[in-house]
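Undergrad: sequence plus predicted model, see below.
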Amino acid sequence: MKVLVIMPTFNEAGNIEHAASELFRFNPEVNLLVVDDGSPDGTGQIADELASKDARISVLHRKDKQGLGAAYIAGFKYAFDLDFDYIVEMDADGSHRAEDLPKLLAICSENDLVIGSRYVSGGKTVNWPLHRQWLSRGGNLYAKIMLGSKLNDMTAGFRVFRTSFLKNMDLASINAKGYSFQIEMAYKTIQLGGSTAEVPITFVERVIGESKMSGNIVTEALLLMTKTGFKRIFLRK
């Protein structure tokens with residue numbers, strides 16, 4: 001089973017080395033692709049140094065910050081070209097614990113999408129301020145209602161896709177650029193009849209660096225869910 005972990009980065013110089021080390025400590029058989037969007041803090045150069053010492057690591061450099069969705073799609077195409085069987089989405093800031101990944105991989109052969117969920121029994125968040133918890137839980141509840149989904153954590157960024165399934169998805173039709181990319185991808189998976197599962201994880205708030213969450217990202221997600229939800233409800237699309 002060939003597994004590629006994709007970590008998009010922008011200004012994660014303080015985290016990327018530790019993230020890679022932890023990944024391989026708990027998952028020595030996987031490969032890592034760092035997709036760096038021209039980080040001015042030197043994240044890309046640090047990733048290059050790591051790759052020069054470990055054949056399991058590759059780096060994809062992009063000229064500027066183009067959004068999470070575009071970074072992941074670039075990583076997907078890389079995985080397609082090298083015939084990886086499964087693709088993992090994982091943050092580089094330490095919020096997604098490498099020790100939880102084996103639980104997702106344990107059932108990936110039975111599903112097209114496995115989500116590391118904060119909101120199923122056994123899942124939790126650590127060190128998140130109350131407003132972030134409300135925002136996340138409220139967003140996921142709204143997504144369930146508007147999109148008619150049974151998934152509890154559609155905004156989760158820690159997940160595993162079956163590569164053969166993704167190859168049949170029209171990635172060019174994905175419009176989301178920020179974290180709403182995760183919602184759109186989960187919804188399209190359901191629309192295409194893909195099998196899904198959620199595994200409880202512990203999400204840990206980053207210690208180093210700043211969150212990429214912003215008002216624009218929240219607005220994009222809200223508009224996406226509302227627009228898609230109205231199409232589903234009233235236009236049956």
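TA: Nice, I can see it. Quick caveat: nothing in here was measured; it's all calculated off a predicted structure.
Undergrad: what helix or strand is Arg25 located in?
TA: helix 16-26 (DSSP states H and E).
Undergrad: can you name every helix or strand that the next helix or strand after that helix contacts?
TA: Downstream of helix 16-26, the first helix or strand assigned by DSSP H and E is strand 31-36. Judged by 3 or more CB pairs under 8 Å, 6 or more residues apart in numbering; DSSP states H and E, the packing partners of strand 31-36 are strand 3-9, helix 16-26, helix 43-53, strand 57-61, helix 68-81. Using the backbone N, CA and C atoms, a C-beta is placed for each residue, glycine as well.
Undergrad: got the end-to-end distance for stretch 104-114?
TA: 6 Å (CA to CA, to the nearest Å).
Undergrad: and that stretch, what's buried?
TA: By neighbour count with 16 or more other CB atoms under 10 Å, stretch 104-114 contains the buried residues Leu104, Leu105, Cys108, Asn111, Asp112, Leu113, Val114.
Undergrad: also stretch 189-208?
TA: For stretch 189-208, burial by neighbour count (16+ other CB under 10 Å) applies to 189-190, 194, 196-204, 206.
Undergrad: what does stretch 175-186 give?
TA: Buried residues in stretch 175-186, counted by 16+ other CB under 10 Å: Ala176, Lys177, Gly178, Tyr179, Ser180, Phe181, Gln182, Ile183, Glu184, Met185, Ala186.
Undergrad: so how far is the lowest-mean-pLDDT helix or strand in the chain from its chain's centroid?
TA: Using mean pLDDT, DSSP states H and E, helix 215-230 stands out as the lowest-scoring helix or strand of the chain, at a mean of 78. The chain centre lies 18 Å from the centre of helix 215-230; the measure is CA atoms, centre = their mean, to the nearest Å.
Undergrad: got a list of contacts for it?
TA: The list of residues contacting helix 215-230 from outside it, by CB atoms under 8 Å, 6 or more residues apart in numbering, reads 135, 139, 142-143, 145-147, 155, 175-180, 183-184, 187.
Undergrad: where does pLDDT dip in the protein?
TA: Within the chain, the stretches falling below the threshold (pLDDT under 70) are 209, 211-215, 217, 237.
Undergrad: ok, now with 80
TA: 177-178, 209-218, 220-222, 224, 233-237 (pLDDT under 80).
Undergrad: top helix in it by residue count?
TA: Counting by DSSP state H, the longest helix found in the chain is helix 130-147.
Undergrad: compute the inter-axis angle for that helix and helix 215-230.
TA: Counting by axes from the mean of the first three to the mean of the last three CA atoms, to 10 degrees, helix 130-147 points 20 degrees away from the direction of helix 215-230.
Undergrad: centre of the chain to helix 130-147, how far?
TA: With CA atoms, centre = their mean, you get 17 Å for helix 130-147.
Undergrad: mind checking what helix or strand follows it in sequence?
TA: Taking DSSP H and E, what comes next after helix 130-147 is strand 159-162.
Undergrad: what packs against that following strand?
TA: Checking 3+ CB pairs under 8 Å, 6+ apart, strand 159-162 ends up next to strand 86-89, helix 101-105, strand 113-117.
Undergrad: can I get the ones you listed in TSV with distance to Phe76?
TA: Shown next, in TSV, are the helices and strands packed on strand 159-162 (distance: least, CB to CB, whole Å):
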stretch	distance to Phe76
strand 86-89	6
helix 101-105	17
strand 113-117	13
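Undergrad: how far out from the middle of the chain is stretch 13-27?
TA: Worked out by CA atoms, centre = their mean, stretch 13-27 lies 16 Å from the chain centre.
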